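>>> I need the structure of the sequence given here:
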Amino acid sequence: MTYCIGIKAEDGIVFASDSRTNAGLDNVNIYSKMYTYDVGDRTVIIVTSGNLGTSQAVFKSIENDLKNTSSSKNLNTCKDFDQIASYIGSLNIKHSSPSGINTDTVLLGSTFIVGGQIKGQPLELYLVYPQGNYIKPADSKPYLVIGEVKYGKPILDRVIKPEVTIGDASRCALISMDSTLKSDLTVGPPIDFAVYRKDEYKIASLKCLNVTDLEYTKVCNEWSDGIFKIFNSFPRFDWEK
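Residues are numbered from 1 along each chain as shown. Have a look, this model is predicted:
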């Protein structure tokens with residue numbers, strides 16, 4: 001399985017994704033589930049969950065369309081992120097239904113979070129479904145998660161508000177990822193972590209983090225220590241001795 005996060009802050013966007021894939025307990029591999037495009041007047045970041053073959057085929061098609069000068073549709077020709085989401089959705093449908101495969105019995109779909117900014121336009125964040133349709137996050141909760149969401153989502157629900165800064169969003173994303181890694185063996189490091197600052201049109205930070213890296217451990221350890229301090233400070237029940 002996997003866990004991917006996209007957060008739209010007031011001053012930028014944060015993405016995080018794990019790298020573990022498995023086809024059984026004895027077949028665990030590492031694949032990046034993040035794609036970045038950082039050229040000219042636009043920055044596009046994509047993370048994905050679902051069928052690995054479909055996800056890789058979609059990323060490969062995106063690359064091929066960018067290289068093909070005669071291509072009528074690619075990340076450069078899209079006028080806005082609504083068109084980018086639609087373009088990714090069409091590729092998703094195409095590669096989810098390969099010839100000769102009965103898609104009624106075999107699940108080949110993938111889900112994508114795509115976001116970034118085109119010059120002169122606002123920050124955008126979209127969720128693209130396996131069926132090709134897409135949505136934006138609610139204004140009150142400007143984040144999207146896909147994959148194994150049940151362990152990391154509670155911290156996002158509490159912290160991520162419309163006025164959240166990109167720094168707080170980044171720390172929250174790492175804590176959310178750490179909570180999932182600790183509770184779900186199908187999600188694993190390294191963690192692809194991307195930060196884009198509003199109106200810069202280039203990725204501010206793009207890293208592949210291991211759980212032993214200082215940037216990761218400092219945030220997660222302080223969070224864990226803080227939880228224990230608060231827990232130990234709770235008043236005792238009247239029936240406790």
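>>> CA only for contacts and neighbour counts going forward, please
Will do.
>>> If we go by neighbour counts, what in the helix or strand where residue 172 lies is buried?
Element membership for residue 172, per DSSP states H and E: helix 166-183. Going by neighbour count (16 or more other Cα atoms under 10 Å), the buried part of helix 166-183 is 166, 169-181.
>>> Which residues are in contact with the closest residue to residue 190 other than its chain neighbours?
In space, and not counting its chain neighbours, residue 190 is closest to residue 210: 4.7 Å by Cα to Cα, 6 or more residues apart in numbering. For residue 210, the contact set (Cα atoms under 8 Å, 6 or more residues apart in numbering) comprises 189-191, 216.
>>> got JSON lines for those, with pLDDT and secondary structure too?
Output for those, formatted as JSON lines (pLDDT from 0 to 100; DSSP: H, G, I helix; E, B strand; the rest coil):
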{"residue": "189", "pLDDT": "91", "secondary structure": "coil"}
{"residue": "190", "pLDDT": "94", "secondary structure": "coil"}
{"residue": "191", "pLDDT": "96", "secondary structure": "strand"}
{"residue": "216", "pLDDT": "95", "secondary structure": "helix"}
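>>> which one of those has the most neighbours?
Highest neighbour count within the contacts of residue 210, by other Cα atoms under 10 Å: residue 191, with 26 neighbours.
>>> Tell me where the model's unsure across the chain.
22-28, 98-107 (pLDDT under 70).
>>> Just the strands from it, written as ranges.
All strands of the chain, identified by DSSP state E, fall at 3-9, 12-17, 20-22, 28-30, 34-39, 42-50, 110-118, 124-128, 134-135, 143-147, 191-197, 203-209.
>>> Columns distance to residue 226 on top of the ones you listed, output as CSV?
Converted to CSV, these look like this (distance: least, Cα to Cα, whole Å):
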stretch, distance to residue 226
strand 3-9, 23
strand 12-17, 23
strand 20-22, 28
strand 28-30, 32
strand 34-39, 31
strand 42-50, 30
strand 110-118, 31
strand 124-128, 31
strand 134-135, 36
strand 143-147, 24
strand 191-197, 23
strand 203-209, 22
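>>> by contact count, what packs against the helix holding residue 172?
strand 3-9, strand 12-17, helix 153-159, strand 191-197, helix 214-232 (3 or more Cα pairs under 8 Å, 6 or more residues apart in numbering; DSSP states H and E).
>>> From the rest of the structure, what touches the third one?
With contacts defined as Cα under 8 Å, 6+ apart, helix 153-159 is touched by 141, 143, 145, 172-173, 175-176.
>>> Buried ones in that helix, by neighbour count?
For helix 153-159, by 16+ other Cα under 10 Å, it's 153, 156.
>>> ok, back up a step: over to the residue nearest to residue 190: give its phi and psi.
Per-residue torsions, residue 210: phi -100, psi 160 (degrees, to the nearest 10).
>>> got the contact list for the residue lying farthest from the centre of the chain?
Of all residues in the chain, residue 241 sits farthest from the chain's C-alpha centroid, using Cα atoms, centre = their mean; the distance is 47.1 Å. With Cα under 8 Å, 6+ apart as the criterion, no residue contacts residue 241.
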